[in-house]
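J.: Predicted model and sequence follow; I will ask about them next.
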Amino acid sequence: METCTQCGTELGQNAKFCSECGTSVQKNVTTEEYQVTADEVAKKVKDLVHEGNVSSLVVKDSDGKAVLSIPVTAGVVGVIVAPVLAVIGALAMVMGNYTIVVVRKKETAPAAVTT
């Protein structure tokens with residue numbers, strides 16, 4: 001099931017916009033979800049950001065509500081990571097389980113060169 005790249009809400013089949021936040025549905029992206037405890041959130045987010053092929057991350061609480069949405073841009077990763085990890089550390093103080101939704105751009109095969 002596809003999820004919104006902005007808020008992590010599950011999208012209906014053939015949706016063009018998210019019913020929760022109104023964001024336009026992006027094509028050529030994949031999403032993955034990781035279930036983590038409050039203690040594991042910061043480490044998992046840090047690991048995912050450093051992988052380098054992540055477009056955005058959404059952290060959702062146990063009720064499925066997005067509590068943090070992080071756009072990940074290669075040029076600003078270092079600037080964003082420290083404050084975001086501080087926020088995530090504050091989240092960890094509120095015990096619970098979280099879901100991290102990872103949005104990645106699909107790898108496209110290079111176009112064939114014709115001569």
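T.: Cool, got the structure.
J.: pull the helix or strand with minimum mean pLDDT from the protein.
T.: helix 77-93 (a mean of 62; mean pLDDT, DSSP states H and E).
J.: Just checking, which helix or strand succeeds it along the chain?
T.: strand 97-105 (DSSP states H and E).
J.: Packing partners of that next one?
T.: strand 29-37, helix 41-51, strand 56-60 (3 or more C-beta pairs under 8 Å, 6 or more residues apart in numbering; DSSP states H and E). In this view, the C-beta of every residue, glycine as well, is placed from N, C-alpha and C.
J.: List every C-alpha atom in it, with coordinates, as PDB.
T.: Provided in PDB are the C-alpha atoms of strand 97-105 (Å, rounded to 0.1, in the frame of the first residue of the first chain):
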ATOM      1  CA  ASN A  97       6.000   2.600  19.800                       C
ATOM      2  CA  TYR A  98       6.600   4.500  16.600                       C
ATOM      3  CA  THR A  99       6.500   3.800  12.900                       C
ATOM      4  CA  ILE A 100       9.100   5.400  10.700                       C
ATOM      5  CA  VAL A 101       7.900   5.700   7.100                       C
ATOM      6  CA  VAL A 102      10.800   6.000   4.700                       C
ATOM      7  CA  VAL A 103      10.300   7.500   1.200                       C
ATOM      8  CA  ARG A 104      12.900   6.700  -1.400                       C
ATOM      9  CA  LYS A 105      13.100   7.600  -5.100                       C
END
